[in-house]
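In: Just need the structure, nothing else, for what follows:
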Amino acid sequence: QVHLVESGGGLVQTGDSLRLSCVLSGATFGYYAMGWFRQAPGKGREFVAAINGSGISTYYADSVKGRFTISRINAKKTVYLQMNNLKPEDTATYYCAADRTPWDARIGIEHYDWWGQGTQVTVSS
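Out: Sure thing, here's the model as predicted:
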């Protein structure tokens, strides 16, 4: 059974940085592409970034491109989301997710089979 645990959220000010982490247990990490999604109050869950199983291929939402970086260390079974120059509109609960198709970095929420519990990111203006 795949289990995902996120950490690293918090309350920051506009322009600050945060790094989110997500650890996978219960499976071979490199067999999964990983994604980060977020959900703001009253809104649907939206794609943020994805990385394939080898770490070679990444994809970003336009709203975070150039500010956020997704990466992974397979030996640590961990995927990261480095978030720089944070804005109030980045405020949301951030979720990591695992996709059992490892060779692509996919954006569709329907491709992800397992989800973490989420970590809150709040950016004050």
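
In: Identify the neighbouring strands of the helix or strand harbouring V48 in the sheet and state each direction.
Out: Assessed by DSSP states H and E, V48 sits inside strand 46-51. Paired with strand 46-51 in the same sheet, following DSSP bridges, are strand 33-39 (antiparallel), strand 58-60 (antiparallel).

In: Please identify the buried residues of stretch 111-125?
Out: 111-112, 114-116, 118-119, 121, 123 (16 or more other Cβ atoms under 10 Å). Where C-beta positions appear, they are placed from N, C-alpha and C, glycine not excepted.

In: Apologies, that question was intended for stretch 58-67.
Out: Result for stretch 58-67 [16+ other Cβ under 10 Å]: buried residues 59-61, 64.

In: Would you mind checking which of these is nearest to Y31?
Out: Y59 (18.8 Å; Cβ to Cβ).

In: Please verify my assumption that that closest one contacts A50.
Out: Yes - using Cβ atoms under 8 Å, Y59 makes contact with A50 at a distance of 4.9 Å.

In: and for those two, which residues touch both?
Out: Taking Cβ atoms under 8 Å, 6 or more residues apart in numbering as the contact rule, Y59 and A50 both touch 105-107.

In: Now rank those residues by neighbours and give me the top one.
Out: A105 (21 neighbours; other Cβ atoms under 10 Å).

In: could you list every residue that touches that one?
Out: 33, 35, 50-52, 57-59.

In: still on that earlier bit, just put the buried residues of stretch 111-125 in TSV and tack on distance to P41.
Out: Formatted as TSV, the buried residues of stretch 111-125 follow (distance: Cβ to Cβ, whole Å):
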residue	distance to P41
H111	25
Y112	22
W114	24
W115	18
G116	19
G118	13
T119	15
V121	12
V123	14
